[in-house]
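> compute the structure for the input listed below.
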Amino acid sequence: MRYLTLDLPGAGNAQLELMMATSTLERMRGLLGRAALGPRQGMLLPHCGMIHTFGMGYPIDVVYLDRRNRVLKVSPALAPRRMDGHWRARTVLELAAGSAAASGIAPGCVLALPDGRRQ
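Numbering: from 1, shown residues only. I've put the predicted structure just below:
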């Protein structure tokens, strides 16, 4: 697991603290068995285009990114025991319910890593 921060679009100095799943096993586990995320926390799942919330006890916002980190779709407050995805997504960002809208994350915006590299 890697930890990083992500600058938010149009939010001044606001950042998200992210856990980045770096292995297949970490991507499969995702947020299962973890405490609910705080308002500025999230999990980044590279090489992922579909998620499920089976076994989770709380809703999450799900953000689907293409290979250039452009937001393709936001699924707000996805309830437990659901599946969701986007056929063009290459990365998924999972956030606490309500955090995507509060952070200004919407389809069409581009998210960048702190050092300017694309993920």
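> strand partners (parallel or antiparallel) of the longest strand seen in the chain?
When the chain is parsed with DSSP state E, its longest strand is strand 71-78. According to DSSP bridges, strand 71-78 has the following sheet partners: strand 60-65 (antiparallel).
> list the beta-bridge partners for the residue most central in space within the chain.
Nearest to the centroid of the C-alpha atoms of the chain, with distances taken as CA atoms, centre = their mean, sits residue 93, at 1.2 Å. Residue 93 has the following beta-bridge partners by DSSP bridges: residue 44, residue 63.
> one step back: any idea of the mean pLDDT in whatever helix or strand comes next after the longest strand of the chain?
The C-terminal neighbour of strand 71-78 among helices and strands, as given by DSSP states H and E, is strand 83-85. Per-region confidence: strand 83-85 scores 97 on mean pLDDT.
> cool, stretch 93-111 as well?
Averaging the model's pLDDT scores along stretch 93-111 yields 92.
> residue 76 is in contact with residue 96, correct?
No. The pair formed by residue 96 and residue 76 falls short of the contact definition of CB atoms under 8 Å, at 10.9 Å. C-beta here means a position set from N, CA and C on the backbone, and glycine is covered the same way.
> higher neighbour count, the two?
When neighbours are counted by other CB atoms under 10 Å, residue 96 comes out ahead of the other of residue 96 and residue 76, with 19 against 15.
> excluding covalently adjacent residues, which one is nearest to the more buried one?
Spatially, and ignoring its direct neighbours in sequence, residue 96 is nearest to residue 37 (4.1 Å; CB to CB, 6 or more residues apart in numbering).
> could you give the number of residues near residue 28?
Residue 28: 11 surrounding residues under other CB under 10 Å.
> and what of the one 3 residues further on?
Counted with other CB under 10 Å, the burial measure for residue 31 works out to 20 neighbours.
> are we agreed that residue 42 is in a helix?
No. Assigned with DSSP: H, G, I helix; E, B strand; the rest coil, residue 42 falls outside any helix and is strand.
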